[in-house]
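1. sequence below, structure please.
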Amino acid sequence: MIELIIAQTHENRPLSTAAILDVFESVNWLQQQRNQPPLFHIQLINESQLSQQLRPHLILIPAFTSHHIAQSLDANKGFIPWLQQQYQRGAAIGSFCSGAFLLAATGLLNGKKATTHVMYADAFSTFFPEVTLCKEAVVTHDNNLYTSGGATCSFHLMLHLLEQYCGRQMAIQIAKLFSIDMDRHQQAYFAGFQPRKNHNDSLVKEAQLQIEDQYMELATIDELVKKMPVSARNFMRRFKQATGVTPISYLQQTRIEAARRLLEQSDASITDIMYQVGYGDMKSFRQLFTRIAGLPPKAYREKYGLTTSAEVSAAVR
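-> Residues are numbered from 1 along each chain as shown. Alright, predicted model coming up:
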């Protein structure tokens with residue numbers, strides 16, 4: 001039997017813990033329906049119950065409720081040496097969404113791949129620069145360490161674990177039971193552009209405002225740079241240091257974010273939207289949109305665009 005521990009961390013998200021329990025208890029239920037023994041022995045363990053006598057095969061860390069990551073890490077520092085020791089003993093460890101911060105705080109992810117909720121990606125990179133963040137990945141698996149992206153990506157990690165521990169057929173059965181698509185490989189299309197603005201460089205803040213106000217008219221970023229009262233090299237360095245991205249990337253992501261909103265909220269043609277956000281070549285626009293948003297414009301609209309009442313009626317007939 002597989003010994004599974006779900007870490008009851010301080011400030012853990014109850015919905016995350018409940019989803020983990022639901023999936024793995026469902027595996028045992030399916031086994032019971034076939035008159036077969038359960039595959040998992042499941043324990044929920046809080047910090048006061050940590051013990052070296054516990055010998056889990058798999059430890060799962062749910063997401064946090066708090067957005068104050070430093071506070072959550074401090075509250076859960078008692079888990080860190082125990083997780084390190086259990087990993088050295090051979091236990092696999094998986095984290096869900098923001099739970100990746102606690103796994104990374106152990107140092108076990110240094111030099112390894114990981115993912116987290118796309119909204120926490122910049123903070124994760126700042127906290128843990130030695131971890132190879134794959135921010136668009138739904139699931140990562142590197143040397144017995146597993147991580148997942150935000151929210152429903154948790155189910156994809158659980159399916160991955162079930163395939164590893166119980167075989168693909170069990171993973172497929174759980175996917176059907178919970179109505180989970182098994183073919184999601186990236187989470188870029190869930191992200192929106194949330195530029196970093198909590199910095200103290202007033203020149204960069206002014207440049208950010210100008211890009212956001214004039215992205216449709218700016219032919220090139222050089223137009224903006226020429227207006228800055230510092231050298232181009234100094235401006236580029238300061239902008240990247242303050243925002244985490246280059247000025248050209250900031251302009252591109254601002255335009256693509258505007259295109260996302262238009263695809264979601266309007267019925268304008270993709271060609272019209274391309275022109276509205278400042279591009280004139282469809283091939284280049286499509287390639288850039290796909291790289292940043294994770295889907296081509298047409299597919300993005302099909303997933304998130306307006307649905308007419310006629311389409312709804314047709315779908316339910």
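2. run a quick neighbour tally on the residue lying closest to residue 250 once chain neighbours are set aside.
-> Of all residues beyond its chain neighbours, the one nearest residue 250 is residue 211 (5.8 Å), with distances taken as CB to CB, 6 or more residues apart in numbering. Every residue, glycine included, has its C-beta placed from N, CA and C. Counted by other CB atoms under 10 Å, the residues lying close to residue 211 total 21.
3. contacts only, for residue 112.
-> Under the criterion of CB atoms under 8 Å, 6 or more residues apart in numbering, the contact list for residue 112 reads 131-132, 142-143, 145.
4. for the residues you listed, pick the one with the most neighbours.
-> With neighbours set by other CB under 10 Å, the maximum within the contacts of residue 112 is found at residue 131, which has 24 neighbours.
5. so of the contacts of residue 112, which ones are in strands?
-> Within these, membership in strands is found for 132, 142, 145, as judged by DSSP state E.
6. and the last one, how far from residue 107?
-> Taking CB to CB, to the nearest Å as the criterion, residue 145 is separated from residue 107 by 11 Å.
7. closest one of the ones in strands among the contacts of residue 112 to residue 93?
-> residue 145 (5.7 Å; CB to CB).
8. relative to residue 255, how far out is that closest one?
-> Going from residue 145 to residue 255 by CB to CB gives 37 Å.
9. equivalent analysis for residue 121, please.
-> For residue 121, the distance to residue 255 under the criterion CB to CB works out to 20 Å.
10. looking at the two, which has the bigger crowd around it?
-> In terms of neighbours (other CB under 10 Å), residue 255 is the more surrounded of residue 121 and residue 255; the figures are 24 against 20.
11. got the contact list for that one?
-> The neighbourhood of residue 255, defined by CB under 8 Å, 6+ apart, consists of 215-216, 277-279.
12. apply 6 Å and report the result again.
-> Neighbour list for residue 255: 215, 277-278 [criterion: CB atoms under 6 Å, 6 or more residues apart in numbering].
13. give me the pLDDT for it.
-> Here, the pLDDT recorded for residue 255 equals 92.
14. can you name the next helix or strand after the helix or strand hosting it?
-> Assigning secondary structure by DSSP states H and E places residue 255 in helix 247-265. In the C-terminal direction, the helix or strand that comes right after helix 247-265 (DSSP H and E) is helix 270-276.
15. need the contact partners of that following helix.
-> Contacts to helix 270-276, defined as CB under 6 Å, 6+ apart, come from residues 259, 262, 285, 297.
16. residue 88 versus the closest residue to residue 240 other than its chain neighbours, what's the distance?
-> The shortest distance from residue 240 to any non-neighbouring residue, by CB to CB, 6+ apart, is to residue 246 (5.5 Å). When distance is defined by CB to CB, residue 246 is 41 Å away from residue 88.
17. quick one: which of these two has more around it?
-> Neighbour tally, residue 246 and residue 88, criterion other CB under 10 Å: the higher count belongs to residue 246, 13 against 9.
18. just to revisit the earlier point, can you show me the CA trace of the helix holding residue 255 as PDB?
-> What follows is the C-alpha trace of helix 247-265 in PDB, where atoms were taken according to Å, rounded to 0.1, in the frame of the first residue of the first chain:
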ATOM      1  CA  PRO A 247      10.600  47.700 -22.800                       C
ATOM      2  CA  ILE A 248       9.900  45.900 -26.000                       C
ATOM      3  CA  SER A 249       8.500  42.900 -24.100                       C
ATOM      4  CA  TYR A 250       6.400  45.300 -22.000                       C
ATOM      5  CA  LEU A 251       5.000  46.900 -25.200                       C
ATOM      6  CA  GLN A 252       4.300  43.500 -26.800                       C
ATOM      7  CA  GLN A 253       2.600  42.100 -23.700                       C
ATOM      8  CA  THR A 254       0.500  45.300 -23.300                       C
ATOM      9  CA  ARG A 255      -0.700  44.900 -26.900                       C
ATOM     10  CA  ILE A 256      -1.400  41.200 -26.500                       C
ATOM     11  CA  GLU A 257      -3.300  41.800 -23.300                       C
ATOM     12  CA  ALA A 258      -5.500  44.400 -25.100                       C
ATOM     13  CA  ALA A 259      -6.000  41.800 -27.900                       C
ATOM     14  CA  ARG A 260      -7.100  39.200 -25.300                       C
ATOM     15  CA  ARG A 261      -9.800  41.600 -24.000                       C
ATOM     16  CA  LEU A 262     -11.100  42.300 -27.400                       C
ATOM     17  CA  LEU A 263     -11.200  38.600 -28.300                       C
ATOM     18  CA  GLU A 264     -13.100  38.000 -25.100                       C
ATOM     19  CA  GLN A 265     -15.500  40.900 -25.100                       C
END
